[in-house]
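J.: sharing a model that was predicted from the sequence below.
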Amino acid sequence: MPLSKQQVSSLVQLVASTTPDEIDCDGCLDHVAEFAETLLAGLPIESAMVAVQNHLQNCHCCQMEFETFLKALSGM
């Protein structure tokens with residue numbers, strides 16, 4: 001089954017948005033709790049956490065995990 005124009009466009013956008021310091025899901029999830037705590041404390045995001053932020057913008061699964069951490073840490 002061929003990909004639709006929308007699917008191809010989405011894939012091209014994901015590839016174009018990759019960076020040399022990009023991390024995978026395991027690397028992201030290793031730091032997602034620390035990232036959530038940093039955001040909730042209103043602290044600046046250090047350069048090491050930028051890779052986590054970038055991964056979360058492109059990975060729906062990790063984004064869901066991150067949102068779960070935020071809710072747990074904020075007491076919701």
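T.: Thanks, I have the structure now. Numbering: from 1, shown residues only.

J.: what helix or strand does residue 64 sit in?
T.: Assigning secondary structure by DSSP states H and E places residue 64 in helix 60-73.

J.: repeat for residue 53
T.: Here residue 53 is covered by helix 47-58, with elements defined by DSSP H and E.

J.: may I see the buried residues of that helix?
T.: Taking 16 or more other C-beta atoms under 10 Å as the neighbour-count basis, helix 47-58 is seen to contain the buried residues 49, 51, 52, 54, 55, 56. In this view, the C-beta of every residue, glycine as well, is placed from N, C-alpha and C.

J.: hang on, isn't the third one packed against residue 36?
T.: No. Using C-beta atoms under 8 Å, residue 52 and residue 36 do not qualify as a contacting pair, with a distance of 9.6 Å.

J.: mind giving me the packing neighbours of the helix holding residue 53?
T.: With contacts defined as 3 or more C-beta pairs under 8 Å, 6 or more residues apart in numbering; DSSP states H and E, the secondary structure elements packing on helix 47-58 are helix 25-40, helix 60-73.

J.: I'd like to know how many residues surround the nearest residue to residue 49 once chain neighbours are set aside.
T.: In this structure, residue 49 finds its nearest non-sequential neighbour in residue 35, 5.3 Å apart by C-beta to C-beta, 6 or more residues apart in numbering. Other residues within reach of residue 35, judged by other C-beta atoms under 10 Å, total 23.

J.: so who does the closest residue to residue 31 other than its chain neighbours touch?
T.: Nearest in space to residue 31, with sequence neighbours left out and distances taken as C-beta to C-beta, 6+ apart, is residue 52 at 4.9 Å. Each residue near residue 52 by C-beta atoms under 8 Å, 6 or more residues apart in numbering is listed here: 23, 28, 31, 32, 35.
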